[in-house]
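Peer 1: A predicted structure for the sequence below; I have some questions about it.
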Amino acid sequence: MINEFKKAFAGVVAGVVQPLISRPMHMQVAAACLRDGKNGREVLLITSRGTGRWVLPKGWPMDGKKNHQAALEEAWEEAGVKQAKVTPVALGTFNYDKILDGGLPLPVECYVYAAEVEKMSDIYPEVDERTRRWVPVAKAATMVQEPELQELLQNL
């Protein structure tokens, strides 16, 4: 009887509890918005809405758009990048836990696409929700929290 209970309990753990503990990775796309500034190569960072930490413009893939196009759309909505040449192949990826509204972490793998910025706008959808700042790439690597993103920025 005890062995049957152990087997049944193990089945519940494997089928119900384990998927809650080890959640599958979700995908996001980000734009590494770049320009040549007066002191060398710069990247555009923005603040996140929830915590105010420095991040790249990023979001979920979009129906009908390729990933690099979705990354550019996020750069427009979140940072006012009006025109840029974006590479169709990702520079790399970084992983982080996105904290959902209920406080649960969602594991995310974020694909980063280089975007050479040609035009910016001071009026864009999230202008009142975020701060944006152009910074040298070496400094940007110290401002973001995700170690893999720090490494990616150091290699730009």
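Peer 2: Everything's here; your move. Numbers count the residues shown, from 1 in each chain.
Peer 1: Note down every partner strand of the longest strand along the chain and its orientation.
Peer 2: As assigned by DSSP state E, the longest strand anywhere in the chain is strand 105-120. The strands beside strand 105-120 in its sheet (DSSP bridges) come out as strand 26-37 (parallel), strand 81-86 (antiparallel), strand 92-99 (antiparallel).
Peer 1: State the pLDDT value of the residue positioned nearest the centre of the chain.
Peer 2: Residue closest to the mean C-alpha point of the chain, counted by CA atoms, centre = their mean, is residue 58 at 4.4 Å. At residue 58, the model reports a pLDDT of 97.
Peer 1: just residue 38 next, same as before
Peer 2: 86.
Peer 1: Which parts of this protein are strands?
Peer 2: 26-37, 40-47, 54-55, 58-59, 81-86, 92-99, 105-120, 132-136.
Peer 1: Distance of residue 70 relative to residue 90?
Peer 2: The spacing between residue 70 and residue 90, counted by CB to CB, to the nearest Å, is 12 Å. C-beta here means a position set from N, CA and C on the backbone, and glycine is covered the same way.
Peer 1: Please say which of the two ends up with more neighbours.
Peer 2: residue 70 (24 against 18; other CB atoms under 10 Å).
Peer 1: I figured that one hits residue 59, correct?
Peer 2: Yes - Residue 70 sits in contact with residue 59 when judged by CB atoms under 8 Å, with a separation of 6.9 Å.
Peer 1: which neighbours do these two share?
Peer 2: Between them, residue 70 and residue 59 share these contacting residues under CB atoms under 8 Å, 6 or more residues apart in numbering: residue 29.
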